[in-house]
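# Sequence isn't available, so here's the structure alone:
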Ligand code: ANZ
Ligand code: ZN
């Protein structure tokens, strides 16, 4: 008998068998409850890392568990295959992106398959394949038709190194998220998707997602950044034009001592034209445009500005205040103009001090008066120096002032969001071409749906120039107008890859559809995703965009649900020596090596056992060894049982012995524990601990003299079934060894019996004056009082009590009671 199990043979055997039998293929079946389990699909970098292994192992346990619970489970996998790395590889190694991507997918698919994951591979999708991006383009056209895709000139984040535009979310600390180059501002015509049209709904429906981590919802809420305030109309003294400013602190309006415009504000040019301020202001604007939004609003950045020489009038008190241009006001937020209240805003305070502008106190703390202002008082308080509004609290004052402004037509109550429209244009080759054509006569014309997909050309010269490489491919660029048939040019921008990943979960419901992105019926059957699993690094962008798409597509009539992901699990990182595994740190443990050395089941078990899924996990070689030893223990348990069975060593006993009772109880306790751990919080680690205890219990039972064959086989089967979602190959192999002819992964998840849980009895030694007199068989959870009662009523004690008095009782819980008599 083999001492160690041959995982190499076993794992390969079952992977092939499962594939040949299409074990994980699913179809819509309205008579069954569905369950959609999805892990974030990977970018095909070519190499599976431990983060992937963790992500997919978690998802696989969930999918297998739900299948065994009787759900019709959709568990698909695909490739987020457009994006820069493929293009960079093409530039560096002269490999066409399509080939690079195809090769990497092939390699990674094999790696995934070696993990024994229960994917329905017939549903595999690749976002860079024409049969997928066909529908990405089609969806773009629907956004366009509904007024949710538009083009505008904008100052965009430009990475001079990647030669492309970056979304705000891709700028980290003023640098490109990918290459860390400092980001510049550049004016370009760009395509946007109008996510802001859904800002309020994206915020409101967060409350309908109790199955999302609180921290992710808070990040989304902050990103949407709703604020309620007032637009107040100041007037430019020189031109008489209105200057709306956005404020949330209109209770401070009597403290305004200056007005500030964003450098991009169109009024600036008018105000300075032909004045002595024209030259310095223009100079300043140029400087500011080199800064990113984050840098401009950061508390550390020095607030700088220039006076325009012009003045504005305060609509409430008619006061005349100077108009400045500064680096800290953003054109894209609110109205791009702000009223400066140095006494009550920190930025304004610093600014006023620096440029010697007036500081006027109009809010006072309730408790004390302030006579010297060493800093801004930014909290609410009582209004002073505020005309008729003096004496009101800030809160009441805000209400009254808002009403007053609205009544007089001097302003209006407004809600603002930090969320910006989503810039989707990329000046890159390896993305879905934006299906738009420019005709000299007709202007901008969307490509007809019948002409989709707009295919990416194969032969392309990669010379990053800031323009899309597609611009230099004549047969792509030059086309005819769908309206007039005249000569026309194609749009050469491609879409941000986040567009592709905003609807892939829908394509999985109907991946081969040639008529539509997906059928409404199929999407309605499978959606929404019951459990989504992935890294927290996608907490903002991907999840927000996918939610936006789902809502918009529901409004287009393409599906019913308005939220894509019912429950979200964000798994922790895999660390080595306390640090994230990375090539540069040289602390990477390769999944391929671990699987080659110990097998996929060991790798899966270790990674699921080492930490709860949401926490970071510290890699441990001993931990891997331990998991491997445990699986060998399970292996030997079953193999030894089979040997004993053949040798005729096991009998059917008519009634349960104490040991039988104990094993029976342990089995039910384990079912209960593992089920609860999987059902409630995916506490895989404690579920596995329970299974380890069960295995210990089984070994203990096997040491006993008398073994109940029926019970033993039941216990072994239960063990394999409960362990199957974690280590599918080993369990399937042993299941087969037990003579089963159908897959263990199609077995029903077992139920536990409530009565069985209580049956555990323990033996307590009864002493009288330190001498053993009897043994008491009692329930394990017996209380001290009950035990004392039992001891006193014990026959031996009662006999003695005729001559002697009970003086005291000494109880050692779970072990003994000593009755002291004299
Ligand atoms: C006057 C004021 C007085 C302000 C005061 C604050 C304190 P949230 O809550 O984020 O919406 N603001 C408005 N538009 C801006 C822009 N485009 N760039 C930079 N700052 C802008 O913040 C609203 C506040 O942010 C507004 O209220 C405005 O400053 C500033 F004691 O107006 B406040
Ligand atoms: Zn035309």
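The structure has been received and is ready for your questions. On a predicted model such as this, the values are computed, not experimentally measured, just so you know. Numbering: from 1, shown residues only. Ligands and ions are numbered 1, 2, ... in the order given.
# distance of the residue lying closest to residue 550 once chain neighbours are set aside from ligand 2?
Leaving aside its chain neighbours, residue 550 sits nearest to residue 564 (4.3 Å; criterion: CB to CB, 6 or more residues apart in numbering). Heads up, the C-betas are built off the backbone N, CA and C, glycines and all. Here residue 564 is placed at a distance of 38 Å from ligand 2 (CB to the ion, to the nearest Å).
# Residue 564 and ligand 1, how far apart?
In this view, residue 564 and ligand 1 are 28 Å apart by CB to the nearest ligand atom, to the nearest Å.
# what does residue 439 give?
From residue 439 over to ligand 1 the distance is 37 Å, taken as CB to the nearest ligand atom.
# For the longest helix belonging to the chain, list every residue counted as buried.
Using DSSP state H to define each element, the chain has its longest helix at helix 621-646. Using 16 or more other CB atoms under 10 Å as the test for burial, helix 621-646 gives 623-624, 626-628, 630-632, 634-639, 641-642.
# And stretch 744-763, by the same measure?
By neighbour count on 16+ other CB under 10 Å, the buried set for stretch 744-763 is 744, 745, 747, 749, 750, 752, 756, 759, 760, 761.
# SS state for the closest residue to the first one other than its chain neighbours?
What that stands for is residue 744. Excluding its sequence neighbours, the residue lying closest to residue 744 (CB to CB, 6+ apart) is residue 735, at 3.9 Å. Under the three-state scheme (DSSP: H, G, I helix; E, B strand; the rest coil), the conformation of residue 735 reads as helix.
# Report the next helix or strand after the helix-or-strand element of the chain with minimal mean pLDDT in sequence order.
Of all the helices and strands that make up the chain, the one with the lowest confidence by mean pLDDT, DSSP states H and E is helix 293-297; it has a mean of 66. Using DSSP states H and E, the helix or strand that follows helix 293-297 towards the C-terminus is strand 305-313.
# one step back: wait, isn't the residue nearest to residue 744 in contact with residue 723?
No: no contact is recorded between residue 735 and residue 723 when judged using CB atoms under 8 Å, the distance being 10.3 Å.
# Of the two, which one has the most company?
The residue with the greater number of neighbours, taking residue 735 and residue 723 and applying other CB atoms under 10 Å, is residue 723; the counts read 26 against 22.
# residues contacting that one?
The contact partners of residue 723, taken as CB atoms under 8 Å, 6 or more residues apart in numbering, are 634, 691, 730, 731.
# which residue does the stretch 601-750 of the chain bring closest to ligand 1?
residue 614 (30.8 Å; CB to the nearest ligand atom).
# Check the stretch 351-500 of the chain too.
Proximity to ligand 1, evaluated over the stretch 351-500 of the chain using CB to the nearest ligand atom, is greatest for residue 416 at 5.2 Å.
# Where does that residue sit: helix, strand or coil?
The assignment at residue 416 comes out as strand when based on three-state DSSP.
# Run a quick neighbour tally on it.
Residue 416 has 17 neighbouring residues, counting by other CB under 10 Å.
# Over to the one 5 residues further on?
Counted with other CB under 10 Å, the burial measure for residue 421 works out to 20 neighbours.
# okay but residue 503 is in contact with residue 509, surely?
No: look at residue 503 against residue 509 with CB under 8 Å: they stay out of range, at 10.5 Å.
# how far does the longest helix of the chain sit from the chain's center?
Between the mean C-alpha location of helix 621-646 and the chain-wide mean there is a distance of 37 Å, by CA atoms, centre = their mean, to the nearest Å.
# following it, which helix or strand shows up next?
Next element after helix 621-646 (DSSP H and E): helix 658-679.
# which stretches of the stretch 451-600 of the chain form helices?
Under the criterion DSSP state H, counting those that start in this stretch, helices of the stretch 451-600 of the chain are mapped to 474-477, 497-500, 504-507, 520-526, 541-555, 591-598, 600-609.
# so can I have a markdown table of the ones you listed showing mean pLDDT, distance to ligand 1 and mean neighbour count?
Written out in a markdown table, the entries for the helices of the stretch 451-600 of the chain read as follows (pLDDT from 0 to 100; distance: least, CB to the nearest ligand atom, whole Å; neighbours: other CB atoms under 10 Å):
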| stretch | mean pLDDT | distance to ligand 1 | mean neighbour count |
| --- | --- | --- | --- |
| helix 474-477 | 94 | 39 | 14 |
| helix 497-500 | 97 | 25 | 25 |
| helix 504-507 | 98 | 33 | 25 |
| helix 520-526 | 97 | 37 | 19 |
| helix 541-555 | 98 | 18 | 22 |
| helix 591-598 | 95 | 44 | 17 |
| helix 600-609 | 98 | 42 | 26 |
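# of those, which approaches ligand 2 most closely?
When the helices of the stretch 451-600 of the chain are ranked by proximity to ligand 2, the top entry is helix 474-477, at 15.7 Å, counting by CB to the ion.
# How far off centre is the closest one?
Computed by CA atoms, centre = their mean, the chain-centroid distance of helix 474-477 equals 39 Å.
# Quick one: list the elements packing against that helix.
If you count contacts as 3 or more CB pairs under 8 Å, 6 or more residues apart in numbering; DSSP states H and E, helix 474-477 packs onto strand 487-490.
# same for the strand it packs on, what does it pack against?
So strand 487-490, by 3+ CB pairs under 8 Å, 6+ apart, packs with strand 436-439, helix 474-477, strand 478-480.
# can you redo the ones you listed as a markdown table with distance to residue 162?
Putting these into a markdown table (distance: least, CB to CB, whole Å) gives the following:
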| stretch | distance to residue 162 |
| --- | --- |
| strand 436-439 | 23 |
| helix 474-477 | 22 |
| strand 478-480 | 27 |
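# correct me, but residue 122 touches residue 26?
No: when contacts are counted by CB under 8 Å, residue 122 is not listed as touching residue 26 (9.1 Å).
# Which one's more surrounded, those two?
For residue 122 against residue 26, the residue with the higher neighbour count under other CB under 10 Å is residue 26, and the figures read 21 against 12.
# Surely the more buried one touches residue 120?
Yes: at 5.5 Å, residue 26 and residue 120 qualify as touching, with contact defined as CB under 8 Å.
# thinking again about what came up before, figure out which of the helices of the stretch 451-600 of the chain is closest to residue 337.
Of all the helices of the stretch 451-600 of the chain, the one in closest proximity to residue 337, counting by CB to CB, is helix 541-555 (28.0 Å).
# which residues touch the closest one?
Contacts of helix 541-555 from elsewhere in the structure, counted by CB under 8 Å, 6+ apart, are 40, 139, 142-143, 146, 148, 167, 169, 193, 195, 198, 201-202, 205, 216, 220, 223, 422, 498-499, 501-503, 505-506, 528, 559-565, 568.
# what's the answer for stretch 778-796, then?
The set of residues external to stretch 778-796 that reach it, using CB under 8 Å, 6+ apart, is 758, 760-764, 766, 768, 773-774, 776, 797-798, 806, 809, 811, 813-814, 817, 819.
# residues in the chain within reach of ligand 2, list them.
Near ligand 2, the residues belonging to the chain are 439, 441, 442, 481, 483, 484, 486 when assessed by CB under 5 Å from the ion.
# Generate a markdown table for the helices of the stretch 451-600 of the chain, with distance to residue 395 as supplementary columns.
Converted to a markdown table, these look like this (distance: least, CB to CB, whole Å):
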| stretch | distance to residue 395 |
| --- | --- |
| helix 474-477 | 60 |
| helix 497-500 | 40 |
| helix 504-507 | 44 |
| helix 520-526 | 47 |
| helix 541-555 | 32 |
| helix 591-598 | 57 |
| helix 600-609 | 52 |
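# near ligand 1, which residues of the stretch 701-822 of the chain show up?
When proximity is defined as CB under 6 Å from any ligand atom, the stretch 701-822 of the chain does not approach ligand 1 at any residue.
# Would you mind listing the residues in contact with residue 657?
Counting by CB under 8 Å, 6+ apart, residue 657 touches 706, 708.
# Just the helices from the stretch 151-300 of the chain, written as ranges.
With DSSP H, counting those that start in this stretch as the criterion, the stretch 151-300 of the chain has helices spanning 199-204, 214-224, 266-272, 278-288, 293-297.
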